[in-house]
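this is a predicted model, with the sequence first.
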Amino acid sequence: MQEQAEKLQGSGNGVAVNGAAAAKAEADAYRNGEDRPLGGYVLVMAVFAALVAGAAGLARLKHRRLPEDVAVWDVLLIAAGTHKLSRTISKNSVTAPLRAPFTRYEGRGGPSEVMEGVRAASGVRHSIGELITCPFCLDVWIATGFGIGLVFAPRVTRLVAATFTALTGSDFLHLAYARAQQAAEG
């Protein structure tokens with residue numbers, strides 16, 4: 001690795017090449033022999049940061065102000081809505097076609113859910129696959145989207161969050177009903 005860095009540095013690119021070689025060496029050390037697409041993760045994080053920065057710039061351009069405070073009701077609404085929307089995107093059978101380019105079907109999951117593995121065709125494809133199959137990973141994106149929505153379109157955002165919150169409640173009622181039915185039969 002050191003020889004490669006020295007060869008690249010001697011090619012006239014100097015600091016940029018030396019920095020790239022150092023970053024590659026750090027990534028290789030981190031991977032510890034595993035296939036971890038750090039470059040893909042960097043790209044996904046950069047897209048997220050660009051979207052947030054773009055929303056902040058647009059808010060400033062449009063003279064949109066952040067809310068003075070966020071009501072507890074909004075936090076609860078967004079939390080439950082984020083939970084359901086992230087599970088819908090990452091696990092629902094019907095949304096599988098959205099994930100198919102990045103995942104492979106592995107089996108059934110919970111009620112109306114599937115289990116999928118991430119394809120490792122490329123660093124970016126793998127990173128996107130990890131993001132869209134992980135409800136915890138999607139939560140950051142979705143909650144941020146709801147937060148941005150509260151700045152630009154609070155009424156629509158609350159309606160969408162309330163819809164997904166109602167679905168969350170409905171899911172828990174279905175599960176409670178099924179458990180009660182099983183208890184009554186068994």
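Looks like it came in fine. Keep in mind that this is a model prediction, so the values were computed, not measured.

any low-confidence regions in the protein?
Low-confidence segments of the chain (pLDDT under 70): 1-17, 121.

ok, the residue nearest the centre of it - contacts?
Centroid-nearest residue in the chain: residue 138, 2.7 Å away (criterion: C-alpha atoms, centre = their mean). Counting by C-beta atoms under 8 Å, 6 or more residues apart in numbering, residue 138 makes contact with 85, 86, 89, 90, 131, 132. C-betas here are computed from N, CA, C, even on glycine.

tally up the residues packed near the fourth one, please.
By that I understand residue 90. For residue 90, the neighbour count with other C-beta atoms under 10 Å is 23.

element containing it, please.
For residue 90, the element it lies in under DSSP states H and E is helix 72-91.

I'd like to know which elements the next helix or strand along the chain from that helix is packed against.
Next along the chain after helix 72-91, taking DSSP H and E as the criterion, comes helix 96-99. Counting contacts by 3 or more C-beta pairs under 8 Å, 6 or more residues apart in numbering; DSSP states H and E, helix 96-99 is packed against strand 114-118, helix 123-132.

re earlier: quick check: angle from the helix or strand hosting the residue nearest to the centre of the chain to helix 123-132?
Under the criterion of DSSP H and E, residue 138 resides in helix 135-152. Angle between the axes of helix 135-152 and helix 123-132 is 80 degrees (criterion: axes from the mean of the first three to the mean of the last three C-alpha atoms, to 10 degrees).

what are the buried residues along helix 135-152?
If you call a residue buried by 16 or more other C-beta atoms under 10 Å, then helix 135-152 has these buried ones: 135, 138-139, 141-143, 145-151.

I'd guessed residue 143 sits against residue 78; true?
Yes. The criterion here is C-beta atoms under 8 Å, and residue 143 meets it with residue 78 at 6.2 Å.

in the biggest helix by length in the chain, what counts as buried?
Looking across the chain with DSSP state H, the single longest helix is helix 154-185. Neighbour-count burial for helix 154-185 flags 157, 158, 160, 161, 164, 165, 167, 168, 171 (criterion: 16+ other C-beta under 10 Å).

and those residues, which is closest to residue 123?
residue 164 (31.3 Å; C-beta to C-beta).

distance of the closest one from residue 178?
21 Å (C-beta to C-beta, to the nearest Å).

ok, now residue 141?
In this view, residue 141 and residue 178 are 31 Å apart by C-beta to C-beta.

repeat for residue 94
As judged by C-beta to C-beta, residue 94 and residue 178 stand 20 Å apart.

now residue 34
On the measure of C-beta to C-beta, residue 34 and residue 178 end up 39 Å apart.

same question for residue 19.
Counting by C-beta to C-beta, the gap from residue 19 to residue 178 is 56 Å.

domain ranges for the chain?
Residue ranges for the domains of the chain, per automatic domain parsing: 1-34, 40-185.
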